[in-house]
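Novice: The following comprises the amino acid sequence and a computationally predicted model.
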Amino acid sequence: MKVTFPHAGQAWVPLSTVFAKAGVECIVPPPCSKRTLSLGVKYSPEWVCLPFKLNLGNFIEAMEMGADTLAYVSGPGLCRLGYYSKVAEQVLRDAGYEFRMVTFDWQEKQVLGLVEFLKTLLGDRPWHQIAGDIKFGLTQLAVMDELERQAHYLRPRAANPTEITQILRSAGQRVSKAWTDSDLKRVKSQILKEYEDVPKNPKANPMRVGLLGEFFMVIEPFVNMDIEDLLGRMGVEVVRHAFFTNWAKTWLFLEALGLSHDKKVKKAAAPYLSRDVSGDAIFTLGETILHQKDGFDGIVHLLPFTCMPEIIAQSIMPKVTKDYEIPVLSIVLDEQMGRAGFVTRIEAFVDLMQRKRRLKKAD
């Protein structure tokens, strides 16, 4: 058995470790690229969103490398993600690929479902070992998320922001090779020290932007054209809450215990969207309002073309923008989006925020 999964953000780091420690051959698909997208677009139904197309391309590239077992997510809810596993399986079989599809219904059984999912893939490995591997994988994920947060903070404050990006890009391979708590702690300390050694710009006064929208679009650098690095080089600090550790805490644990999550965000969004329409829509609206109250300079809202929850949020956003006087740039992304036009829109938005800050200081 050779297992693979979509290359979404940094999720490959703990997944590859869990499989490798269990002695299961794991094929990590190449980072998302133009070829990945081209393959996904070629075989996908025209109505599906960009995340599906990239996931499909990931599977095809991994099967070209020898993968025969595909790990994917499924579940109920209004978002089409719930049945994408079935769509992907049918599309790939129609294209002539032979494989086994194993899905994880993350909304039905939460962390117990994750254990069962991995038990299916890891065979006779004892339950306590699987639970221990999951715990360590989540620790690895927490380290990666912390390293990303530090990069977001340091980029606009560095004399050369590219140095921070280069360190972060090396972090995944380094963390994935740390198989013990002591090794992981050592690697984390080394990377943080490298961050610290990058010369800082003493005159830096970065603006702060909230990066919100559909989860995959926000966490995957290829699909959002590495917007965090782009804004960092423009002197803008990016703040986002879409991290896998936050997702795991909410959906694998809090929901399993019947506990409500993100009450503050939902309360802020309630005057504009009183019920959950699935996806990340309610969080997009609620966090926009909370960011404005925290003094943020603007919001970048990313969504894939045809994404129903985020389209709802986008349609409500002008009212929020007017009421709270915070600039919001909504960008709809699909395979037709070119980098030049994307960068131009970001540059114009940064200019707008800078002008707004200057006018505020002049008052």
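Specialist: Perfect, thanks for sending it. Residues are numbered from 1 along each chain as shown.

Novice: and the gap between residue 305 and residue 244?
Specialist: 24 Å (Cβ to Cβ, to the nearest Å). Any C-beta I mention is one placed from the backbone N, CA and C, and that applies to glycine too.

Novice: More neighbours: those two, which one.
Specialist: residue 244 (20 against 16; other Cβ atoms under 10 Å).

Novice: Find the nearest non-adjacent residue to that one, please.
Specialist: Nearest residue to residue 244 in three dimensions, chain neighbours excluded: residue 141, at 5.2 Å (Cβ to Cβ, 6 or more residues apart in numbering).

Novice: what does residue 104 give?
Specialist: Closest residue to residue 104 apart from its sequence neighbours, by Cβ to Cβ, 6+ apart: residue 117 at 4.0 Å.

Novice: what number of residues lie near that neighbour?
Specialist: 19.

Novice: Okay, now the unreliable bits of this protein?
Specialist: The chain contains residues with pLDDT under 70 at 75-78, 106-112, 250-261.

Novice: In it, mark out all the strands, start to finish.
Specialist: 2-4, 25-26, 69-74, 100-105, 207-213, 236-239, 298-304, 328-333 (DSSP state E).

Novice: For residue 36, find the nearest of the ones you listed.
Specialist: strand 2-4 (12.8 Å; Cβ to Cβ).

Novice: Summarise which helices and strands that closest one is packed against.
Specialist: strand 25-26, helix 50-64, strand 69-74 (3 or more Cβ pairs under 8 Å, 6 or more residues apart in numbering; DSSP states H and E).

Novice: hmm, 6 Å instead?
Specialist: Judged by 3 or more Cβ pairs under 6 Å, 6 or more residues apart in numbering; DSSP states H and E, strand 2-4 is in contact with no other helix or strand.

Novice: Now the terminal residues of stretch 5-19, how far apart.
Specialist: End-to-end distance for stretch 5-19, by Cα to Cα, to the nearest Å: 11 Å.

Novice: Then stretch 6-24?
Specialist: 17 Å.

Novice: List of residues touching that stretch?
Specialist: The contact list for stretch 6-24, computed with Cβ atoms under 6 Å, 6 or more residues apart in numbering, reads 3, 5, 26, 28-29, 31-32, 55, 58, 122, 125, 133, 137, 140-141, 144, 172, 175-176, 216, 219-220, 244.

Novice: Compute the distance between the nearest residue to residue 31 once chain neighbours are set aside and residue 238, please.
Specialist: Using Cβ to Cβ, 6+ apart and skipping residues adjacent in sequence, the residue nearest residue 31 is residue 7, 6.0 Å away. Computed as Cβ to Cβ, the residue 7 to residue 238 distance reads 21 Å.

Novice: what's near enough to touch the residue nearest the centre of the chain?
Specialist: By Cα atoms, centre = their mean, the chain has its centre lying nearest to residue 219, at 2.4 Å. Applying Cβ under 6 Å, 6+ apart, we find residue 219 in contact with 9, 242.

Novice: Next: residue 242.
Specialist: Contacts of residue 242 by Cβ under 6 Å, 6+ apart are 215, 218, 219.

Novice: Not counting its neighbours along the chain, what's nearest the second one?
Specialist: Of all residues not flanking residue 218 in the chain, residue 242 sits nearest, at 4.3 Å (Cβ to Cβ, 6+ apart).
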